[in-house]
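My questions are about this predicted structure, shown below with the sequence.
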Amino acid sequence: NAGVTQTPKFQVLKTGQSMTLQCAQDMNHEYMSWYRQDPGMGLRLIHYSVGAGITDQGEVPNGYNVSRSTTEDFPLRLLSAAPSQTSVYFCASRTVTLEQYFGPGTRLTVT
Amino acid sequence: AQSVTQLGSHVSVSEGALVLLRCNYSSSVPPYLFWYVQYPNQGLQLLLKYTTGATLVKGINGFEAEFKKSETSFHLTKPSAHMSDAAEYFCAYNDRSGAGSYQLTFGKGTKLSVIP
């Protein structure tokens, strides 16, 4: 049982490049979400999904896309990277009793 | 707007001293409340949660928190700090009023330092 896994751990992009952050969970949780963490800001919700085929926007969705074709996977796509997207990104999945399990994070730098 | 406020972005305690991290929520309907811990360069881990029932909630690593509706608070405590408690702690709530019920909203975090 690996829990929530994220790849890559580190990434450097140039402005305008696109990329996909991968997230997978093996706990059969319906609810998954993506957060970004910036110093002094806590974690802010980007997008979330309540099940395969269902996604919705969180607090800071601009510049990001998601899809959920399976229960296990919830990738986050950066369409055209900007320096403001430099951050640490966390994926999480949640039990029916509201306990969230977080992945180890992806540290992204956009130059 | 509903929110949680963590008082103090940095807290320092001596090893063996009481740990008290403060969290207040703003909501007309008491939300579900959580404390998470983040060790350096790691993801977040659930310490404890309050949903319904007993207002004193015990979590992992000797931490506990008490939900006080009259004070709209959910402070985190530990009787005796250990060096391994040095981490960042986040209070979070899940709105149970319906419209935002799927979203977990975090406070800005409190970094705990433990002085030997």
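Great, that's in hand. Numbering: from 1, shown residues only, chains lettered A, B, ... in the order given.

When you work out contacts or count neighbours from here on, use the C-alpha atoms and nothing else.
OK.

A:Val96: neighbouring residues, count only.
By other C-alpha atoms under 10 Å in any protein chain shown, the residues close to A:Val96 number 9.

for B:Thr77, that is, sorry about that
18.

Verify the contact between it and B:Leu18 for me.
Yes. The criterion here is C-alpha atoms under 8 Å, and B:Thr77 meets it with B:Leu18 at 7.2 Å.

Between these two, which contacts overlap?
Common contacts of B:Thr77 and B:Leu18 (C-alpha atoms under 8 Å, 6 or more residues apart in numbering or on different chains): none found.

In space, what's closest to the residue of chain B at minimum distance from chain A - neighbours in sequence excluded?
Distance from chain A to each residue of chain B (C-alpha to the nearest C-alpha) is smallest for B:Lys108, at 3.9 Å. Spatial nearest neighbour of B:Lys108, chain neighbours left out: A:Gly42 (3.9 Å); criterion: C-alpha to C-alpha, 6 or more residues apart in numbering or on different chains.

Next, the contact list for A:Gln37, please.
A:43-44, A:87-90 are the contacts of A:Gln37 under C-alpha under 8 Å, 6+ apart.

Check the residues you listed one by one and keep those near chain B.
Contacts with chain B within the contacts of A:Gln37, counted by C-alpha under 8 Å from any C-alpha of the partner chain: A:43-44, A:90.

Pipe those residues into a markdown table and attach neighbour count, pLDDT and secondary structure per row.
Compiled in a markdown table, the ones next to chain B among the contacts of A:Gln37 are given as follows (neighbours: other C-alpha atoms under 10 Å in any protein chain shown; pLDDT from 0 to 100; DSSP: H, G, I helix; E, B strand; the rest coil):
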| residue | neighbour count | pLDDT | secondary structure |
| --- | --- | --- | --- |
| A:Leu43 | 23 | 93 | strand |
| A:Arg44 | 22 | 94 | strand |
| A:Phe90 | 28 | 97 | strand |
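
Hmm, A:Leu79 is touching A:Leu21, no?
No. Between A:Leu79 and A:Leu21 there is no contact under C-alpha under 8 Å: 11.4 Å.

which of these two has more neighbours?
A count of neighbours by other C-alpha under 10 Å puts A:Leu21 above the other of A:Leu79 and A:Leu21, at 21 against 15.

who's in contact with the residue of chain B closest to chain A?
Taking C-alpha under 8 Å, 6+ apart, one finds A:40-43, B:5-6, B:9, B:90 in contact with B:Lys108.
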